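> Model the structure of this input:
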Amino acid sequence: MESTKSLAAITLAAAIGVLGGALLFEHVGGLAPCVLCLWGRWPWWIAGGIALAALLLAPLRRALGPALPLLLGLIFAGGFLLSAYHVAVEQHWIAGPATCSAPLSGARTLADFQRMVVDRPVVRCDEVPWALFGISLAGFNAIFCLLLAVLALRTAARQRQMPA
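Down below sits the predicted model:
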């Protein structure tokens with residue numbers, strides 16, 4: 001079960017780093033998140049909360065046993081899929097949700113157009129506001145989620161192979 005404790009510690013540290021970085025980009029860097037960016041934070045909040053609870057409550061960690069790495073692996077696999085979807089929207093490979101990537105068209109009057117502009121979200125999901133080496137924040141989120149999913153699922157697999 002020591003590997004479960006290590007996984008929980010790594011998960012908590014990664015969640016603090018990713019969420020802290022996102023909040024710094026938002027509140028210090030002035031980079032407002034789109035709807036998909038906010039959705040992409042949820043796996044980190046959930047996994048971080050579970051990891052914190054598992055670290056603070058040893059009976060919970062023991063009760064969850066091998067289910068904890070599997071649960072974290074599934075959460076991060078879902079986070080990877082969500083972030084990969086966001087990257088696909090950013091690259092215009094697929095259409096994003098109408099709430100964050102709808103074009104400003106279809107207005108029949110000036111009043112309709114004004115309403116569309118006012119009702120339109122400030123941040124579009126299909127635009128890349130920041131990138132490093134050609135990788136957007138959604139791309140980095142996908143990479144980090146994939147790494148944690150692989151780590152968690154490998155931990156779960158190793159625990160299944162260990163004799164009881």
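> Around the nearest residue to residue 53 once chain neighbours are set aside, how many other residues sit close by?
Closest residue in space to residue 53, ignoring its immediate chain neighbours: residue 60 at 5.8 Å, by C-beta to C-beta, 6 or more residues apart in numbering. For the C-beta atoms, the positions are set from N, CA and C on the backbone; glycine is no exception. By other C-beta atoms under 10 Å, 13 other residues sit near residue 60.
> can you check residue 108 too?
Using other C-beta under 10 Å, the number of residues around residue 108 comes to 7.
> and if you look at residue 61?
Neighbours of residue 61 under the rule other C-beta under 10 Å: 18.
> immediately after the helix or strand of the chain with the lowest mean pLDDT, which helix or strand?
Least confident helix or strand, the chain: helix 110-119 with a mean of 64, by mean pLDDT, DSSP states H and E. Where DSSP states H and E defines the elements, the next helix or strand beyond helix 110-119 is strand 131-132.
> Quick check: the residue nearest to residue 53 vs residue 67, distance?
Distance, residue 60 to residue 67, using C-beta to C-beta, to the nearest Å: 11 Å.
> Pull up the per-residue confidence for the one residue sitting closest to the centre of the chain.
The structure's the chain has its C-alpha centroid closest to residue 40; by C-alpha atoms, centre = their mean the separation is 3.1 Å. For residue 40, the model assigns a pLDDT of 95.
> can you check the one 3 residues further on too?
Among the per-residue scores, residue 43 shows a pLDDT of 97.
> Ok, residue 106 next?
Looking at residue 106, its pLDDT stands at 58.
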